[in-house]
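# quick one: sequence plus predicted model below, questions after.
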Amino acid sequence: RVVGDQYTCFIGADNKKIGRAAGEWLARKLGGKGRIVELKGLMTSTPGQDRHSGFREGLQGSDVKVVFEADMKWLEPDARKEMESALARFPRIDAVYAHNDPGAHGAWLAAQAAGREKEIAFIGIDALPHEGRVYVQQGVLAATFEYPTGGDRAIAVALDILGGKDVPKEITLPSRVYTIDNVKQGGEELSF
């Protein structure tokens, strides 16, 4: 996210709403109670901050507790290392929420090495076709929440700007959730 208003047009999804949708989805999946790990993206970045605060909002009203949290800086190896620490400390973990799909995959790899991957649900954000969606199809992730890249929209808006057309200051891209039940059909659009 761009801080301030010194830009012509911002195109992107709403990380806070995506985080909230992930929290609500996970609370439903766990039946309103459970012990989870949150592996955060770089918390000095606005996406990390928004994905965290939105997720915590999504958990409100449930008995889902974050028992371990760490900043894995968007990196799969860091997420794996942090998950190893969580597994060593907690004999029961019901789910992992990672701020990106590589983080969720790293957590899954740590759980797999410990023989615990089948007892934990893993969710991430980004849903890139070659990453998060594939992990869902493979049964590694229970869900991935899309942060659309928006490249096609950015090019169209850039051409409009170069052509002298007025463009909106903010364009919020829609997002989808992908689960094993809907990934082959293109996911399900999130309603905010």
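Nice, thanks for sending it over.

# in the chain, which residue is closest to the centre?
Taking C-alpha atoms, centre = their mean as the criterion, residue 125 is the residue nearest the geometric centre of the chain, at 2.3 Å.

# not counting its neighbours along the chain, what's nearest that one?
Spatial nearest neighbour of residue 125, excluding adjacent residues (C-beta to C-beta, 6 or more residues apart in numbering): residue 145 at 4.8 Å. The C-beta positions use only the backbone N, C-alpha and C, and glycine is treated the same way.

# ditto for residue 58
Nearest to residue 58 is residue 23, by C-beta to C-beta, 6+ apart, at 2.1 Å.

# what sits up against the host helix or strand of the one you found?
According to DSSP states H and E, residue 23 maps onto helix 15-29. Around helix 15-29, the neighbours that count as contacts under C-beta atoms under 8 Å, 6 or more residues apart in numbering are 1, 36, 46-47, 50-59, 61-62, 64, 95, 97, 121, 123, 125, 142-143, 145-147, 175, 177, 190, 192.

# buried residues, it. List them.
15-27, 29 (16 or more other C-beta atoms under 10 Å).

# let's have these in JSON lines, adding pLDDT.
Formatted as JSON lines, these follow (pLDDT from 0 to 100):
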{"residue": "15", "pLDDT": "97"}
{"residue": "16", "pLDDT": "97"}
{"residue": "17", "pLDDT": "97"}
{"residue": "18", "pLDDT": "98"}
{"residue": "19", "pLDDT": "98"}
{"residue": "20", "pLDDT": "98"}
{"residue": "21", "pLDDT": "98"}
{"residue": "22", "pLDDT": "98"}
{"residue": "23", "pLDDT": "98"}
{"residue": "24", "pLDDT": "98"}
{"residue": "25", "pLDDT": "98"}
{"residue": "26", "pLDDT": "97"}
{"residue": "27", "pLDDT": "98"}
{"residue": "29", "pLDDT": "97"}
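
# against residue 170, how distant is the residue of the chain positioned farthest from its centre?
Computed with C-alpha atoms, centre = their mean, the residue of the chain farthest from its C-alpha average is residue 164, at 36.1 Å. From residue 164 over to residue 170 the distance is 20 Å, taken as C-beta to C-beta, to the nearest Å.

# same deal with residue 33?
Between residue 33 and residue 170 the distance, using C-beta to C-beta, works out to 37 Å.

# circling back to that earlier point, so who does the residue nearest to residue 125 touch?
Contacts of residue 145 were listed using C-beta under 8 Å, 6+ apart, and they are 18, 21-22, 25, 123-127, 175-178, 190.

# past the helix or strand containing it, which element shows up next along the chain?
Here residue 145, judged by DSSP H and E, is contained in strand 143-146. The C-terminal neighbour of strand 143-146 among helices and strands, as given by DSSP H and E, is helix 151-162.
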